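Novice: Show me the folded form of this:
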Amino acid sequence: MSRTRILTKKTRTQTPRTKNGQNVKVRLPKTLANSSSRGRGAVAKSNSLDKEDAIHVEEGSPTKKRKMEIAGPDQYAHLSKLTDRLRIGLDVVFCGINPGVMSAEVGFHFANPTNRFWPTLHLSGFTPTLLPPSAGRTLPEEYNLGLTDLVERPTTEAKEVSQAEKIASVPTLLEKIAHFRPRIVCFIGLEISRIIQARAVGGLKSRKTQMGLMDFKLVYPGDSAASASETLFWAMPSTSGVNCNGYTQTVLTAEFAKVKEMVEKIKEGLVDTQAFTVVQLPLPLPVRHCRGRTGPKSTLS
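Specialist: Here you go, the predicted structure:
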């Protein structure tokens with residue numbers, strides 16, 4: 001049980017009597033005098049103590065969650081990059097932000113047992129059985145599905161990769177997608193969806209990315225039966241057990257099932273994408289807005 005101490009909240013000062021009978025003001029520390037229920041260390045008001053309000057403050061409780069620092073390339077240099085599981089003409093390519101440490105250690109995508117990717121892939125009907133992460137090696141050949149990441153280098157958490165590095169990785173990813181021509185690229189994480197769309201078509205700085213089919217595409221010249229004529233993009237919540245953001249297994253399964261259904265509609269020619277924005281490759285360099293200069297602001301910051 002946490003040890004607590006009781007602080008009075010009547011005033012910021014108290015007046016205990018000295019031995020000589022004189023009153024001496026004693027000022028409480030500002031941080032304690034201003035304690036409120038919004039702080040992590042403070043608990044709601046308890047029963048009255050000597051007709052004064054009392055606050056219970058947990059000893060040693062953290063006042064703020066530790067901020068994850070950006071990890072430089074050297075911090076995880078001992079870990080190997082994952083091999084993309086891709087081939088031309090896949091139905092769906094699932095794209096994460098970057099590999100986790102456990103995935104890098106074993107060499108398989110979504111290898112952390114808390115990650116819900118593989119269970120969701122099965123529950124949504126993409127695979128007839130629950131596959132282990134090692135099955136990713138043959139996923140393209142056996143199920144016509146692929147795996148890749150926006151940023152190649154692994155970290156413990158995606159927050160350790162800077163926003164600038166994520167943005168800088170977008171052109172390379174889209175060029176890779178254009179080479180393999182999948183029907184759909186499914187971004188595992190709404191953050192990566194926002195970054196890709198903002199860098200590819202712009203104008204999304206204040207717009208929140210929603211789950212589902214996104215309104216831009218890659219279009220390929222020629223007509224080849226071996227590959228798709230265009231690639232569509234789908235925004236998906238993260239399957240991570242750490243960064244789930246409240247999305248339940250039921251929500252993830254339903255969203256994966258929608259992607260599977262969309263693949264079948266594309267094959268049957270039932271999807272009209274004429275109103276979608278066509279992403280032109282190679283992407284132009286991002287425009288930065290500098291104080292004192294004129295010109296358009298970048299949609300990414």
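
Novice: so what's Pro284 scoring on pLDDT?
Specialist: Here the pLDDT value assigned to Pro284 is 88.

Novice: Quickly note the distance from it to Phe187.
Specialist: Plainly put, Pro284 is 22 Å away from Phe187 if you go by CB to CB, to the nearest Å. Where C-beta positions appear, they are placed from N, C-alpha and C, glycine not excepted.

Novice: Between the two, which has more neighbouring residues?
Specialist: For the pair Pro284 and Phe187, the greater number of neighbours falls to Phe187 (27 against 8), based on other CB atoms under 10 Å.

Novice: Please tell me I have it right and that one contacts Ser193.
Specialist: Yes: checked against CB atoms under 8 Å, the pair Phe187 and Ser193 is within contact range at 4.4 Å.

Novice: Need the contact partners of the longest helix out of those in the chain.
Specialist: Among the elements of type helix in the chain, defined by DSSP state H, the one spanning the most residues is helix 249-267. Contacting residues not belonging to helix 249-267 are listed as 91-92, 116, 119-121, 123-126, 183-184, 186, 211-213, 228, 232, 234, 236-237, 239, 271 [CB atoms under 8 Å, 6 or more residues apart in numbering].

Novice: Go ahead and confirm Thr156 touches Ser103.
Specialist: No: in this structure Thr156 lies outside contact range of Ser103 using CB under 8 Å: 11.1 Å.

Novice: So which of these two has more stuff around it?
Specialist: Ser103 (22 against 14).

Novice: can I assume that one is in contact with Phe117?
Specialist: No: with contact defined as CB under 8 Å, Ser103 does not count as touching Phe117 (10.3 Å).

Novice: Which residue ranges of the stretch 1-150 of the chain form strands?
Specialist: Secondary structure of the stretch 1-150 of the chain by DSSP state E, counting those that start in this stretch: the strands cover 4-8, 13-14, 26-27, 54-58, 92-96, 145-149.
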